[in-house]
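**Student:** Please work out how this folds:
(one chain, ligands or ions: 1)
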Amino acid sequence: MNDLLGKHIVLGLSGGIACYKAAELCRALIKEGATVQVVMTAAAEQFITPVTMQALSNRPVYGSHNASGFDAREANGMPHINLSREADAILVAPCSADFMVKLVHGGADDLLSLMCLARPVDKVPLLLAPAMNREMWAHPATQRNMAQLSADGATILGVGSGFQACGETGDGRMLEPAELLQDVVAFFQPKLLAGRRVLVTAGPTFEALDPIRGITNHSSGKMGFAIARAAQEAGAQVTLVAGPVHLPTPRGVQRIDVKSAQQMLEATMREADRADVFVATAAVADWRPATHSEQKIKKDGSGQPPVLHFTENPDILHTVAQGERARAGQLFCVGFAAESHDLVNNAQAKRARKGIPLLVGNIGPLTFGQDDNEMLLVDEHGVQPLPRASKLALARQLVAEIARRQHPTTSS
Ligand code: C5P
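**Tutor:** Reported below is the predicted structural model:
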């Protein structure tokens, strides 16, 4: 993906052991299409060399030799102005406790803090990735400083938890480069669903026959996870009810793991009460074994296979769509149809049968487990194709379509 194509990021490093992760972060930002200008404090140079950061960013680094804030090599001699005017965002990673203090007080005795102070607040966002010992992080002074920085318009990207370089374990580690990358990408996405609550089902279900075996399908959950991520990036509060899949939870998404269709129904009904949008991508098993054996079903030596009886599973989407809130227009329901042929007719018929305003059709066998797809949006007005793209790109388009239907006045 090139989610940061055309974006110019000033990556600021203040002093902390997490500087070693800034090298990987710089690379990740560039791989995603951004250009990166590195600015380091003198303390950061104690942890990682400007040579490393120059090689990775492919640009000379502004470092301790610019400590006075002036640079005779620039026409106006003022890198703090030039750097901050060019940037689409300034990202300070790691942001030490001490650097936060500087920002809170508008300190400007090194180029990085000077540049943050000189940035046009309404045009150049400031993103901070704190990194410090868990006691420093939990200290009321740090928490107070963070609250002040948020009030002053900075975006705090949060911290990770776990083993720290000092040997202690707790909150305060800098987020991993991949997590910071996701946060930066999300930051630039339009906030089309700000304040909305979105509920997504994803993955297969597993219908147990006995403690060992069960019935499931090949759904990878990738599409549903991509939709959860896209909705979260668009500013929604997202709950993802996931069947058994091995996918990482998108950043900022609340995940509820379930196995069977019955469990998926229960979790979904609980959450649907406060959702504004419901997107059903799960490949729910149509049938479950009528009885569940507590013990492994054994061969009995007769050569006769066991006789299995099945019961139909509840249709989760249909149940939610028939609920009071959906019928009153307070819960916008979106379904998926994985067909093997005659997509348009089957998808239109399914939309009507499920009683939902929007249905996404795709060719099932071609999409399961893949990273890309092509889809068809079917609504009361007709059919709109979404050409082949990554599942995340399609998810973002779908989110935009949902948002447009939520706020018809902003439609193009
Ligand atoms: O009827 P069919 O399984 O083809 O419908 C697919 C759509 O309905 C998907 O959105 C799927 O998540 C949803 N569904 C459901 N509960 C079921 C079966 C399907 O929510 N039991």
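
**Student:** Would you indicate which residues of the helix or strand of the chain with the lowest mean pLDDT are buried?
**Tutor:** Lowest on mean pLDDT, DSSP states H and E among the helices and strands of the chain sits helix 364-367, with a mean of 73. Within helix 364-367, the residues scored as buried using 16 or more other Cβ atoms under 10 Å are 364, 367. C-betas here are computed from N, CA, C, even on glycine.

**Student:** The helix or strand following that helix near the ligand anywhere?
**Tutor:** Going down the chain from helix 364-367, the next helix or strand is strand 372-379, by DSSP states H and E. No. Using Cβ under 6 Å from any ligand atom, strand 372-379 never reaches the ligand; the gap is at least 12.1 Å.

**Student:** Pairing partners for strand 372-379, with directions?
**Tutor:** strand 358-363 (antiparallel), strand 382-390 (antiparallel) (DSSP bridges).

**Student:** Provide a list of residues in contact with Val36.
**Tutor:** Counting by Cβ atoms under 8 Å, 6 or more residues apart in numbering, Val36 touches 8-11, 26, 29-30, 57, 59.

**Student:** and the residues you listed, which of them are in helices?
**Tutor:** Of the contacts of Val36, the ones assigned to helices by DSSP state H are 26, 29-30, 57.

**Student:** helix, strand or coil for the residue sitting furthest away from the middle of the chain?
**Tutor:** Here the chain reaches farthest from its C-alpha mean at Ser302, the gap being 53.4 Å by Cα atoms, centre = their mean. Following DSSP: H, G, I helix; E, B strand; the rest coil, we place Ser302 in the coil state.

**Student:** coming back round to it: who does the least confident helix or strand of the chain touch, helix- and strand-wise?
**Tutor:** Helix 364-367 sits against strand 332-339, with contacts defined as 3 or more Cβ pairs under 8 Å, 6 or more residues apart in numbering; DSSP states H and E.

**Student:** Walk me through the domains of the protein.
**Tutor:** For the chain, automatic domain parsing gives the domain ranges 8-188, 197-406.

**Student:** The ones you listed: which one's closest to Asn2?
**Tutor:** Of all the domains of the chain, it is domain 8-188 that lies closest to Asn2, at 3.8 Å by Cβ to Cβ.

**Student:** Could you give the average pLDDT over the closest one?
**Tutor:** For domain 8-188, the mean per-residue pLDDT is 94.

**Student:** what about it, start to end distance?
**Tutor:** 12 Å (Cα to Cα, to the nearest Å).

**Student:** in what helix or strand does Thr268 lie?
**Tutor:** Taking DSSP H and E as the definition, Thr268 sits inside helix 261-272.

**Student:** same question, Ala178
**Tutor:** Going by DSSP H and E, Ala178 is part of helix 177-188.

**Student:** Please name every helix or strand in contact with that helix.
**Tutor:** Helix 177-188 packs on helix 19-31, strand 89-95, strand 126-130, helix 222-233, going by 3+ Cβ pairs under 8 Å, 6+ apart.

**Student:** make it 7 Å
**Tutor:** The helices and strands touching helix 177-188, judged by 3 or more Cβ pairs under 7 Å, 6 or more residues apart in numbering; DSSP states H and E, are helix 19-31, strand 126-130.
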